[in-house]
Structure formats: structure tokens, C-alpha cells
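**Student:** sequence first, predicted coordinates after that:
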Amino acid sequence: MHRKNRRKNNMPKGLKDKIALITGAGQGIGRGIAVRLAQEGVHLALVDLNQEKLDQVLHEVQQYGIKATTFIADVSQRHEVFAAIDHADLTLYGLDVVINNAGIAQVQAIDDVTPEQFQTIMDINVAGVLWGIQAAADKFRTLDRKGKIINAASIAGHDGFALLGIYSATKFAVRALTQAAAKEYASAGITVNAYCPGVVGTDMWVEIDRRFAEITGAEIGETYKKYVDGIALGRAQTPDDVAALVAFLASDDSDYITGQSILTDGGIVYR
Ligand SMILES: NC(=O)c1ccc[n+]([C@@H]2O[C@H](COP(=O)([O-])OP(=O)(O)OC[C@H]3O[C@@H](n4cnc5c(N)ncnc54)[C@H](O)[C@@H]3O)[C@@H](O)[C@H]2O)c1
């Protein structure tokens with residue numbers, strides 16, 4: 001079969017002309033998801049803290065001929081998340097998929113975690129996802145749509161990693177919220193799932209590697225290399241790898257899947 005046709009037949013079903021909102025869309029995995037969904041014909045609301053970065057991604061996704069808009073919101077602020085969801089609906093005329101991708105990492109020994117650090121990461125990684133779930137479900141019910149909610153968890157949501165204890169705790173929490181929300185919204189036809197990447201070469205890992213170096217005395221780049229060397233498939237993950245799973249979860253092909261936190265890590269954590 002011709003390569004192009006094979007690709008077409010393998011495309012996730014029912015993505016074209018869906019409307020999706022992505023938080024943390026200004027760079028890294030969020031940007032990768034935006035580009036992949038734009039390639040599939042999904043109209044996009046891109047949400048982040050920084051307008052300049054959002055404008056770059058907006059320009060990139062508009063090249064695929066989709067409608068797109070940007071919105072500045074801090075996901076730790078409930079009213080800002082609800083405003084972002086309203087903006088998507090008002091600007092793009094509907095909403096089908098909400099991807100709660102924004103998150104931060106924190107590298108700290110359990111002994112040294114301060115109340116402020118704990119609160120900050122909980123507010124963004126856990127409350128940010130909670131507000132995103134609430135706002136999405138509220139909108140889907142108002143629009144009477146069987147929407148899809150997709151949350152960013154991690155391999156650290158399946159195993160607790162040393163020096164990433166609080167980060168891991170936030171990602172375990174995302175899995176819990178994903179399961180509970182899936183059960184609560186199933187009768188409304190809303191599905192809730194999470195993606196769990198491994199070691200993705202984004203700015204987040206540059207920062208994780210730098211902090212490991214600070215705490216353990218490792219060379220810059222050494223921790224990243226150590227983690228990548230432990231991947232069965234023998235290479236670091238790219239945002240495209242993650243986006244492929246998210247595109248599936250956003251498509252009609254995943255209609256019978258809910259409450260799952262699916263690993264995409266090249267072989268690090270096995271469940
Ligand atoms: N990089 C990895 O290896 C990896 C692995 C597993 C899971 N994840 C998860 O994937 C998601 C994306 O990670 P990434 O690697 O692209 O990170 P990144 O740091 O490269 O990008 C994160 C984006 O989220 C935005 N953001 C941060 N706090 C925000 C807030 N309060 N409100 C709105 N936007 C905010 C940032 O501005 C940034 O654009 C995160 O939830 C992360 O925990 C990443």
C-alpha cells in the first residue's frame with residue numbers, strides 16, 4: 001500500500017474539526033500535542049502563562065489551516081481556568097477535548113521540602129488539573145457533549161522517584177483524580193484519562209538535570225543520560241511520542257477507554 005494512504009488509514013478516527021483546549025501549550029509536550037492535533041484538523045485553544053511563546057505556537061499550528069486562539073491563564077487559579085474554557089467555547093464555538101497538560105517539576109530531597117515548595121507544586125500540578133477537570137465537565141454538560149478530559153501524569157505517577165518525591169506525589173494524585181472523575185462523569189458520557197510520559201527532552205528535564213547536579217554533585221547532563229540509558233527502547237522520548245498517545249485519547253478510537261493512566265515511556269515502568 002502507498003505510504004501516504006497507509007498513514008491516512010491509520011489516522012485516529014473522528015479528530016477532524018473537533019475543538020480542543022491545551023494548557024501549558026507554549027512549549028515542550030504541550031506544544032507537541034498542539035502541532036499533532038493541528039495536523040489532524042483539530043481547532044485549538046492554547047493556554048499558558050506567556051503570550052510570546054503562545055504566539056509562536058499559534059503561528060505554527062495555523063499553518064495547518066485550523067482555527068486557533070490563545071489565552072493567558074495560571075492553572076492554579078480556578079477562575080482563570082474557567083475563563084480559559086469559556087474563551088475557547090466563545091471563540092471556537094464549542095469544546096470537545098480538554099488537555100490538562102501544564103505542570104512543573106521540583107527536585108528536592110524529602111528532608112528539605114519546604115511548606116512553600118509543597119504548596120506551589122500542589123497548586124499547579126494537582127489543583128490545576130482539578131480545576132481543569134471541573135471546568136471541562138461543566139462546559140461539556142452545558143453544551144451536552146460527550147467530551148474527553150485528558151490529564152498529564154507521568155512515570156512518576158506510577159513509581160515514586162528519589163529526589164522527585166513531591167513531584168511523584170502530585171502525579172499519583174492526578175491518577176486518583178482521573179479515576180474518580182471517570183467514575184463520576186461516565187453517566188454523562190464524558191471520559192477522563194491520563195498520559196504518563198517517561199523522560200522527554202524538554203526544558204523541564206534541563207531543570208531536573210540541573211537540580212540533580214546541584215544536590216548530588218553529578219555533572220550537568222549526567223542525570224539525564226543515566227535516565228535515558230535506562231530506557232529499553234534506547235532513546236529519549238520526544239513530545240511527538242507523547243502527542244501520538246494524546247491524539248489517540250482525543251479521538252473516537254478511545255471512546256471505550258476511561259479512568260486509565262496510560263504509560264508511554266519506551267520501557268521504564270512496566271504495569
Ligand atoms: N518532560 C518530561 O520528561 C515529562 C515526563 C512526564 C510527565 N511530564 C509532564 O508533562 C507536562 C508538560 O511537561 P513539559 O516537559 O512540556 O514541561 P515544560 O516545562 O517544558 O512546559 C510546561 C509548560 O507549562 C506552562 N506552565 C507551567 N506552570 C503553569 C501554570 N501555573 N499555568 C499555566 N501554564 C503553566 C509553562 O509555562 C510551560 O509552557 C507536565 O505536566 C509534566 O509534569 C513531563
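**Tutor:** Done, it's in. Residues are numbered from 1 along each chain as shown.
**Student:** which SS state does the closest residue to the ligand within the stretch 51-200 of the chain fall under?
**Tutor:** At 2.4 Å from the ligand, residue 103 is the closest residue in the stretch 51-200 of the chain, using Cβ to the nearest ligand atom. Any C-beta I mention is one placed from the backbone N, CA and C, and that applies to glycine too. Secondary structure for residue 103, judged by DSSP: H, G, I helix; E, B strand; the rest coil, is coil.
**Student:** got phi/psi on the closest residue to it other than its chain neighbours?
**Tutor:** Nearest-residue entry for residue 103: residue 125, 4.7 Å, with adjacent residues in sequence omitted and distances by Cβ to Cβ, 6 or more residues apart in numbering. Dihedral angles of residue 125 (phi, psi; degrees, to the nearest 10) stand at phi -80, psi -30.
**Student:** for residue 192, same thing?
**Tutor:** Per degrees, to the nearest 10, the backbone of residue 192 is at phi -130, psi 120.
**Student:** am I right that it is in contact with residue 146?
**Tutor:** No - applying Cβ atoms under 8 Å as the test, residue 192 and residue 146 come out as separate, 11.9 Å apart.
**Student:** one step back: show me the contacts for the residue of the stretch 51-200 of the chain closest to the ligand.
**Tutor:** Shown in contact with residue 103 (Cβ atoms under 8 Å, 6 or more residues apart in numbering): 24, 124-125, 128, 152, 170.
**Student:** out of those, who has the most neighbours?
**Tutor:** Of all the contacts of residue 103, residue 128 has the most neighbours under the rule other Cβ atoms under 10 Å, reaching 31 neighbours.
**Student:** number of residues surrounding the residue lying closest to it once chain neighbours are set aside?
**Tutor:** Leaving aside its chain neighbours, residue 128 sits nearest to residue 75 (3.3 Å; criterion: Cβ to Cβ, 6+ apart). By the criterion of other Cβ under 10 Å, residue 75 has 26 neighbours.
**Student:** check contacts around residue 73.
**Tutor:** Going by Cβ under 8 Å, 6+ apart, residue 73 touches 23, 47-49, 80-81, 83-84.
**Student:** just the buried ones among these, please.
**Tutor:** Buried members of these, scored by 16 or more other Cβ atoms under 10 Å, are 23, 47-48, 80-81, 83-84.
**Student:** wait, what's in contact with residue 36?
**Tutor:** Contacts of residue 36 (Cβ under 8 Å, 6+ apart): 240, 243-244, 246-247.
**Student:** now with 7 Å, please.
**Tutor:** For residue 36, the contacting residues are 240, 243-244, 247, by Cβ atoms under 7 Å, 6 or more residues apart in numbering.
**Student:** highest neighbour count among those?
**Tutor:** For the contacts of residue 36, counting by other Cβ under 10 Å, the largest number of neighbours falls to residue 243: 24 neighbours.
**Student:** so it sits in a helix?
**Tutor:** Yes - judged by three-state DSSP, residue 243 forms part of a helix.
**Student:** so which helix or strand takes in the nearest residue to it once chain neighbours are set aside?
**Tutor:** Among residues not flanking residue 243 along the chain, residue 36 sits closest, at 3.6 Å (Cβ to Cβ, 6+ apart). Assessed by DSSP states H and E, residue 36 sits inside helix 28-39.
**Student:** what about that helix and the ligand, touching?
**Tutor:** Yes - Helix 28-39 comes into contact with the ligand (Cβ under 6 Å from any ligand atom), by way of 28-30.
**Student:** just the buried ones from those residues?
**Tutor:** By 16+ other Cβ under 10 Å, the residues of helix 28-39 next to the ligand give 28-30 as buried.
**Student:** so which of those is the closest to the ligand?
**Tutor:** Nearest to the ligand among these is residue 28, at 2.4 Å by Cβ to the nearest ligand atom.
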